[in-house]
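*Asks:* need coordinates for the below:
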Amino acid sequence: MKTTDTSKYKKEIAGFRIIDDFFMNIVFHERPLETSELLKIILGKDDIIVTSSISQSLVNNTYGHSARFDIKAVDDKGKIYDIEIQRANKGASEKRARYYSSMIDFSALEKGKEDFNELPETYVIMICEHDYFRQGKPIYIIDRYIGNCLFLPFNDQQHIIYVNGAYRNTDDPIGRLIHDLFQTDYRQIINKVLAKRVKYLKEEKEDLTSMCEAIERLMNETEEKTRKQDHEETAKSAVEFIRSFSPSADNEEIVNCITKYFNIEKEYIEKYL
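*Replies:* The predicted structure follows:
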């Protein structure tokens, strides 16, 4: 993409906020400093030093559903953090957080090892646009306890944290962070580290080009995903229709019939035979 093409997305880029998952991925991808700043505020710890920060990190699960972390970070002590942006409450369910937590463990223990004591301390952090639990708290910290022992801590070092995106009290650090996540103008961002990063992404000529290229890739991926979904739905309906009227038709006849009348690849049809 040529630099002059940046004008094509100027309006979209100007409207980006850190809370928008696409922009957040760019803000924190391979940016340990900014990711450290985010985690320090959410966890209230000043000694967090992130050594790795990767956006859209995929954990493949050959036995079931895979997981793609919005931001996966590792600090200098080996602790692992999964930071998820959830605009709607549906995507922030407790069991989704539980599953993502388990997938961190799944990927953390090296293949062939059975010493579970080597599992690292982990955090799944759900940054929600709304107050998921509706209790008015800035954050919700979920840890395990032994219920019939006066809530004695069950020290599995597995933590889940929900951040209330509806919290707006700028008198405390979490409130100021939430305020910053919703700003489109870097001049309105209170945190200097985050403001500097957003300014760079929105105003530096070189990085504007990178952002536009990322937008183009996202648009192409979305278009391809939609095309695949449309083809799969059409193939499924066509197979069901032919089988209902010609129960004796074999698979080859069904494939030939559908490919003749629809511009659909054979691979989509075979899924429903």
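*Asks:* hmm, residue 50 is touching residue 74, no?
*Replies:* Yes: using CB atoms under 8 Å, residue 50 is in contact with residue 74, at 7.1 Å. The C-beta positions use only the backbone N, C-alpha and C, and glycine is treated the same way.
*Asks:* who's more crowded, those two?
*Replies:* Set residue 50 next to residue 74 and count neighbours by other CB atoms under 10 Å: residue 50 wins out with 22 against 18.
*Asks:* common neighbours of residue 50 and residue 74, please.
*Replies:* Common contact partners of residue 50 and residue 74 (CB atoms under 8 Å, 6 or more residues apart in numbering): residue 81.
*Asks:* secondary structure element for the residue nearest to the spatial centre of the chain?
*Replies:* For the chain, the residue nearest the mean C-alpha position is residue 70 (2.6 Å; CA atoms, centre = their mean). Assigned by DSSP states H and E, residue 70 falls within strand 67-75.
*Asks:* strand partners of that strand, parallel vs antiparallel please.
*Replies:* In the sheet, strand 67-75 lines up against strand 50-59 (antiparallel), strand 80-86 (antiparallel) (DSSP bridges).
*Asks:* could you identify which of those is most buried?
*Replies:* strand 80-86 (a mean of 23; mean count of other CB atoms under 10 Å).
*Asks:* remind me which residues of the stretch 51-200 of the chain are low pLDDT?
*Replies:* Scanning the stretch 51-200 of the chain for pLDDT under 70 picks out 62-64, 110-113.
*Asks:* ranges for the strands of it?
*Replies:* With DSSP state E, counting those that start in this stretch as the criterion, the stretch 51-200 of the chain has strands at 67-75, 80-86, 122-128, 139-142, 145-146, 152-153, 158-164.
*Asks:* quick one: the first one to strand 122-128, angle?
*Replies:* With axes from the mean of the first three to the mean of the last three CA atoms, to 10 degrees as the basis, strand 67-75 and strand 122-128 are set at 120 degrees to each other.
*Asks:* quick one: contacts of strand 67-75?
*Replies:* Contacting residues not belonging to strand 67-75 are listed as 21, 24-25, 28-29, 32, 35-36, 39, 48-59, 61, 80-85, 99-100, 103 [CB under 8 Å, 6+ apart].
*Asks:* burial count for residue 44?
*Replies:* 12.
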